[in-house]
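J.: the following block contains a protein sequence and its predicted model.
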Amino acid sequence: MCGSNLTRNLTNQFVQPPWRVALWSVAYSSILAVAVFGNLVVMWIILAHKRMRTVTNYFLLNLAFSDASMAAFNTLVNFVYATHGEWYFGEAYCKFHNFFPVTAVFASIYSMTAIAVDRYMAIIHPLKPRLSATATKVVIACIWCLAVVLAFPLCFYSTTRTLPRRTICYVAWPRPAEDSFMYHIIVTVLVYLLPLVVMGITYTIVGVTLWGSEIPGDSSDNYHGQLRAKRKVVKMMIVVVVTFALCWLPYHVYFIVTGLNKRLNRLKSIQQVYLAVLWLAMSSTMYNPIIYCCLNGRFRAGFKRAFRWCPFIHVSSYDELELRATRLNPRNQSSMCTLSRIDTSGSLNNAIEEPLLGT
C-alpha cells in the first residue's frame, strides 16, 4: 500500500521457483475475480432496485465501489511487483499504485463507520432526523476528499528508478527512514485504529440496546419481527467490521515491525511473509458480498436474480417480493412479518421500525 519494502534493494534477490509463483498467482487471481464480480453485483442490486436505495445502502454502495476498484487496479499489480521485484508499469501508474489503495481503504472503512453511526442514531436516538439522500451523498463525497488528502503524499513522492538489473517503484520520502515509518503510523491510526474504536463503541451500545430492550408483555408479531430484523442487520455489520479488522491487522503489524527492525527486510523468507500478509489484506475486498448473501435476505434474493441463468438457481416469488415490495397490508403481516414496514408507536418501537436491509 505504501510501496513494498521488498524492492528497495539494488539487486533482485527474491527469485521464486515457478511452482510457487503459480500458486500465488491462483490465490491472487481468485481475489480479483470474486471481489470485482461480487461487488459489481452488490452495486447492481442497490442501484437497480428502488427498495434498496436507502441511506445505509448508499454507504454499502460506496464500500462496494472502493473494494471493487482496489481489487481491479491494485491486487494483481501488487502481486506482480512483490513477486518479481521489478516495476513494469511506468511512473504514472507507480504514483497511482501507491496512492489509490490508501484512498480506497479509507473510503471503505469510513463507509463502515458511517453505517455504524447511522445505526446508532436510528436505534439510540430514533426521534432525531435521519440523513437525507442528498446529505448522504455529501458525506460520501467528503469521505473521498479526506481520503485523497491523506493519500496525496504517496502520489507526490512516488517515482520510479532504473537500476542495473531492474526498475523499481518506490516512495522517495525526503527523510526515507523517518518519514516512511511516521506516515504508516498515521495511516494505521486514521485508517484502522480510530474507525475501529468508533465502530466498537457504537455497536456495543447498539447491541446492548437491541438485545436488552424487549418490553415485558409486548408480544406483537410486528414488534418481535422488527426487533429480530434489527438484530440480524447489526450482526451482519459486526461480521463485516471484524472481517476487515482481521484481514488488515497483519498488514499494519508487518510494516510497523519491519519499520522498527530494518534487518528483517534483508531476509529472503520475508518475501513469503509479505505475499501472505498482502494476500490477506487484499482478500478483504472479496468477503463482503459473501457476507451479504449469507446473512441478508434481500441481498440473497438479489444474488439469485443475478445468477438466475444458472440451472441450479431458482428465484421464488418470495425473492421477487424481497426486492420489489414496498409496504405490506396489515392482513399480510402475519405470514410475511419480515417484509413488514408498518410503523409502530412508542419510543422503543420507533427505535426498531423499518429494518435496515431486510432479514
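T.: That came through, no problem.
J.: okay, how far is it across stretch 310-321, tip to tip?
T.: Using CA to CA, to the nearest Å, one end of stretch 310-321 lies 20 Å from the other.
J.: now do the buried residues in it.
T.: By neighbour count on 16 or more other CB atoms under 10 Å, the buried set for stretch 310-321 is 319, 321. For every residue, glycine as well, the C-beta is placed using N, CA and C.
J.: wait, a helix at Y170?
T.: No: under DSSP: H, G, I helix; E, B strand; the rest coil, Y170 falls outside any helix and is assigned strand.
J.: who is it paired with across the strands?
T.: As for beta bridges, Y170 partners with T159 under DSSP bridges.
J.: can you report how many residues neighbour it?
T.: Close neighbours of Y170, defined as other CB atoms under 10 Å, add up to 21.
J.: same deal with F244?
T.: Counted with other CB under 10 Å, residues neighbouring F244 total 25.
J.: can you check the one 5 residues further on too?
T.: Burial of L249 is recorded as 16 neighbouring residues (other CB under 10 Å).
J.: make residue 1 into 76 and carry on from there
T.: Sure, I'll start numbering at 76, so the last one becomes L324.
J.: which SS class is it?
T.: Secondary structure for L324, judged by three-state DSSP, is helix.
J.: how about the contacts made by the nearest residue to it once chain neighbours are set aside?
T.: Using CB to CB, 6 or more residues apart in numbering and skipping residues adjacent in sequence, the residue nearest L324 is Y267, 7.9 Å away. Residues near Y267 by CB atoms under 8 Å, 6 or more residues apart in numbering: 184, 320, 323-324, 327.
J.: please enumerate the strands of the chain.
T.: With strands called from DSSP state E, the chain shows them at 233-237, 242-246.
J.: other SSEs contacting the last one?
T.: This points to strand 242-246. Here strand 242-246 touches helix 165-199, strand 233-237, going by 3 or more CB pairs under 8 Å, 6 or more residues apart in numbering; DSSP states H and E.
J.: just give me the residue closest to the centre of the protein.
T.: Nearest to the mean C-alpha position of the chain, counting by CA atoms, centre = their mean, stands S183 at 4.6 Å.
J.: which residues does that one contact?
T.: S183 makes contact with 138, 141-142, 145, 319 under the criterion CB under 8 Å, 6+ apart.
J.: what about 7 Å?
T.: By CB atoms under 7 Å, 6 or more residues apart in numbering, the residues touching S183 are 138, 141-142.
J.: buried set for stretch 124-140?
T.: For stretch 124-140, using 16+ other CB under 10 Å, the buried residues are 124, 126-127, 129-140.
J.: list the contacts of that stretch.
T.: 114, 117-118, 120-121, 182-183, 186-187, 189-190, 193, 205-206, 211, 215, 363, 373, 377, 398-399, 401, 431-432.
J.: give me that answer again for 6 Å
T.: By CB atoms under 6 Å, 6 or more residues apart in numbering, the residues outside stretch 124-140 that reach it are 114, 117-118, 120-121, 183, 186, 189-190, 193, 206, 211, 215, 398, 431.
J.: that one - what's its average pLDDT?
T.: For stretch 124-140, mean pLDDT rounds to 91.
J.: could I get that stretch in PDB with only the CA atoms?
T.: In PDB, the C-alpha atoms belonging to stretch 124-140 read as follows (Å, rounded to 0.1, in the frame of the first residue of the first chain):
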ATOM      1  CA  HIS A 124     -33.900  -1.900  -7.100                       C
ATOM      2  CA  LYS A 125     -35.600   1.100  -5.700                       C
ATOM      3  CA  ARG A 126     -36.400  -0.600  -2.400                       C
ATOM      4  CA  MET A 127     -32.600  -1.000  -1.800                       C
ATOM      5  CA  ARG A 128     -31.800   2.700  -2.200                       C
ATOM      6  CA  THR A 129     -31.700   3.500   1.500                       C
ATOM      7  CA  VAL A 130     -29.200   5.800   3.300                       C
ATOM      8  CA  THR A 131     -27.300   2.900   4.700                       C
ATOM      9  CA  ASN A 132     -27.300   1.100   1.400                       C
ATOM     10  CA  TYR A 133     -25.700   4.100  -0.300                       C
ATOM     11  CA  PHE A 134     -22.800   3.700   2.100                       C
ATOM     12  CA  LEU A 135     -22.700   0.000   1.200                       C
ATOM     13  CA  LEU A 136     -22.600   1.000  -2.400                       C
ATOM     14  CA  ASN A 137     -19.600   3.200  -1.700                       C
ATOM     15  CA  LEU A 138     -18.000   0.400   0.200                       C
ATOM     16  CA  ALA A 139     -18.600  -2.000  -2.800                       C
ATOM     17  CA  PHE A 140     -17.200   0.500  -5.300                       C
END
